[in-house]
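Participant: When you get a sec, could you give me coordinates for this:
(one chain, ligands or ions: 1)
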Amino acid sequence: MRLTRFTDLALRVLMRLAVEEADLPTTREVAAAMQVPYTHTAKVVARLQHLGLVEARRGRGGGLTLTAAGRAASVGGVVRELEGAGDVVECEGATPCPLRSACLLRGALRRAQEAFFAALDPLTVDDLVAPPTGPLLLGIGTGPGSSTT
Ligand code: SF4
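Facilitator: Here you go, the predicted model:
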């Protein structure tokens, strides 16, 4: 199963914020650190805020931070939420597949999709930033010299 770019970026944002405790980064700084466009990152951050996983603190020293729910969030839960419950193949649609009313493959693919999510369920966002990933994330620059695309 292939994750959408949106979901992948959301996980990267959560991981980046999970290692940042002192200097809260802005959306632009997170985008620069992850080397992804600011506009995509802003949409992802807005969705994560809506889900209660990220909050934006205003004022001096403000920036993005994980909520307690975000830090403890199940990776499988986040992926399920962002990917939706759609089939991995399009059986219906403009030209519906003639096998769709009695297709064993369709059921097998649904079970495989659920197994994919279930494998991610025990992992939390915090788990994803254990060494070596966390220290690597901390070493990725967020300053003015970082690249943006
Ligand atoms: S063969 Fe089965 S899984 Fe594939 S499109 Fe047709 S109904 Fe869906």
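Participant: Which residue of this structure lies farthest from its centroid?
Facilitator: What lies farthest from the middle of the chain is residue 98; by CA atoms, centre = their mean that is 35.0 Å.
Participant: ok so that residue is a strand residue?
Facilitator: No. Going by DSSP: H, G, I helix; E, B strand; the rest coil, the assignment for residue 98 is coil, not a strand.
Participant: What is the neighbour count of residue 26?
Facilitator: Close neighbours of residue 26, defined as other CB atoms under 10 Å, add up to 15. The way it works is simple: take the backbone N, C-alpha and C, and place the C-beta from them, glycine included.
Participant: If you count neighbours, what's buried in the longest helix belonging to the chain?
Facilitator: Secondary structure of the chain per DSSP state H: the longest helix is helix 104-120. For helix 104-120, a neighbour-count test (16 or more other CB atoms under 10 Å) marks 106, 109, 113, 116, 117, 120 as buried.
Participant: cool, stretch 48-67 as well?
Facilitator: Using 16+ other CB under 10 Å as the test for burial, stretch 48-67 gives 48, 51, 53, 54, 63, 64, 65, 66, 67.
Participant: Look up how far residue 66 lies from the third one.
Facilitator: Read it as residue 53. 7 Å (CB to CB, to the nearest Å).
Participant: shared neighbours of those two, anything?
Facilitator: Shared contacts of residue 53 and residue 66, defined by CB atoms under 8 Å, 6 or more residues apart in numbering, comprise 14, 125.
Participant: quick one: contacts of the longest helix of the chain?
Facilitator: 1, 74, 75, 76, 79, 80, 87, 88, 89, 91, 99, 100.
Participant: Sort out which of those are buried, if you could.
Facilitator: Buried, going by 16+ other CB under 10 Å: 74, 75, 76, 79, 80, out of those.
Participant: how about the residues you listed, which pair is most distant?
Facilitator: Using CB to CB, the two most remote members of these are 75 and 80, lying 9.7 Å apart.
Participant: follow-up on the earlier one: restrict the contacts of helix 104-120 to those near the ligand?
Facilitator: Among those, proximity to the ligand is found for 89, 91, 99, 100 (CB under 6 Å from any ligand atom).
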